[in-house]
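Trainee: Need the 3D shape of this:
(2 chains)
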Amino acid sequence: GENVEQHPSTLSVQEGDSAVIKCTYSDSASNYFPWYKQELGKGPQLIIDIRSNVGEKKDQRIAVTLNKTAKHFSLHITETQPEDSAVYFCAASEGYSTLTFGKGTMLLVSP
Amino acid sequence: KAGVTQTPRYLIKTRGQQVTLSCSPISGHRSVSWYQQTPGQGLQFLFEYFSETQRNKGNFPGRFSGRQFSNSRSEMNVSTLELGDSALYLCASSLRGGQNSGNTIYFGEGSWLTVV
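Mentor: Have a look, this model is predicted:
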């Protein structure tokens, strides 16, 4: 089955800095790669996703890149703000709404 | 448009009891999937339903079961509860969830289950 590795497990940055979280996946059949943000006591909130026919996608301060050959994808957050502090999860899917998640990255943005 | 709704939000059960959790997907969404989240194992896929049929199942014992109704609402049941079943149970919905469809998947706020 699919295996998703996520690094780092914790990331501390100063407000205004950039943050990068990296994930690798094992199953070449995976074709959908979403990123979720989870705040304490809440469910995961989709922040951006990318499909296997696209190499990069951007939405304001958030961008995701995908390298199918190397089987890795990354989340980039620019101009971080304290409200970006949360746990971020990457995931991979080959369809049927089945997601395999990474272990998560706790992002701490200090004012 | 309402999001994915899960009930109850919090519950406490005793070992050996059973529990039923409910999920209402986003209007128009026909695929519902369930996930278990624990500090140790992270987010793990339980099962997925589409048009009242289970299409996919994760690696969980038979004590975990689910069903989907004709209106796409779903329930999951855990029988003979164990202490290790304490977790956040998350429901997610998507439009179709077919293979290679890359459907966007939205999560509810979850049901916090504590087994004592």
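Trainee: Could you name the helices and strands sitting against the host helix or strand of residue A:106?
Mentor: Assigned by DSSP states H and E, residue A:106 belongs to strand A:105-110. Secondary-structure packing of strand A:105-110 (3 or more CB pairs under 8 Å, 6 or more residues apart in numbering or on different chains; DSSP states H and E): strand A:10-14, strand A:19-25, strand A:86-92. Glycine gets a C-beta too; all of them are placed from N, C-alpha and C.
Trainee: The residue lying closest to residue A:90 once chain neighbours are set aside and chain B, how far apart?
Mentor: Computed as CB to CB, 6 or more residues apart in numbering or on different chains, the closest residue to residue A:90 that is not its neighbour in sequence is residue A:23, at 3.8 Å. As judged by CB to the nearest CB, to the nearest Å, residue A:23 and chain B stand 13 Å apart.
Trainee: Output the below-cut-off pLDDT ranges for chain B.
Mentor: For chain B, the stretches flagged by pLDDT under 70 are B:1, B:97-102.
Trainee: Within range of chain A, give me the residues from chain B.
Mentor: By CB under 8 Å from any CB of the partner chain, the residues of chain B that approach chain A are B:4, B:31, B:33, B:35, B:42-45, B:48, B:50, B:55-56, B:58, B:90, B:92, B:94, B:97-110.
Trainee: Residue 88 - how many residues pack around it?
Mentor: No chain was given, so I picked chain A. 23 (other CB atoms under 10 Å in any protein chain shown).
Trainee: Please refer instead to chain B.
Mentor: 19.
Trainee: Against residue A:52, how distant is it?
Mentor: 29 Å (CB to CB, to the nearest Å).
Trainee: and the strand holding residue A:106, which strands flank it?
Mentor: Paired strands of strand A:105-110, with direction, are strand A:10-14 (parallel), strand A:86-92 (antiparallel) (DSSP bridges).
Trainee: Let me see the mean pLDDT of stretch A:95-108.
Mentor: For stretch A:95-108, the mean pLDDT works out to 90.
Trainee: ok so, going back, filter the residues of chain B next to chain A to the buried ones?
Mentor: Among the residues of chain B next to chain A, the ones that count as buried by 16 or more other CB atoms under 10 Å in any protein chain shown are B:4, B:31, B:33, B:35, B:42-45, B:48, B:50, B:55-56, B:58, B:90, B:92, B:94, B:97, B:99, B:101-103, B:105-110.
Trainee: For the residue positioned nearest the centre of chain B, which three-state class applies?
Mentor: Geometric centre of chain B, nearest residue: residue B:34, 2.8 Å, by CA atoms, centre = their mean. Using DSSP: H, G, I helix; E, B strand; the rest coil, the structure places residue B:34 in strand.
Trainee: just the one 10 residues further on next, same as before
Mentor: When the structure is split into helix, strand and coil by three-state DSSP, residue B:44 lands in strand.
Trainee: Residue B:52 versus that one, what's the distance?
Mentor: In terms of CB to CB, residue B:44 sits 23 Å off from residue B:52.
Trainee: can you pull the contacts of residue 93?
Mentor: You didn't say which chain, so I picked chain A. Contact analysis of residue A:93 by CB atoms under 8 Å, 6 or more residues apart in numbering or on different chains lists A:30, A:31, A:32, A:33, A:34, A:99, A:100, B:102, B:105.
Trainee: Chain B is the one I meant
Mentor: Contacts of residue B:93 (CB under 8 Å, 6+ apart): B:4, B:23, B:25, B:26, B:29, B:31, B:32, B:33, B:72, B:105, B:106.
Trainee: Great, nothing more from me.
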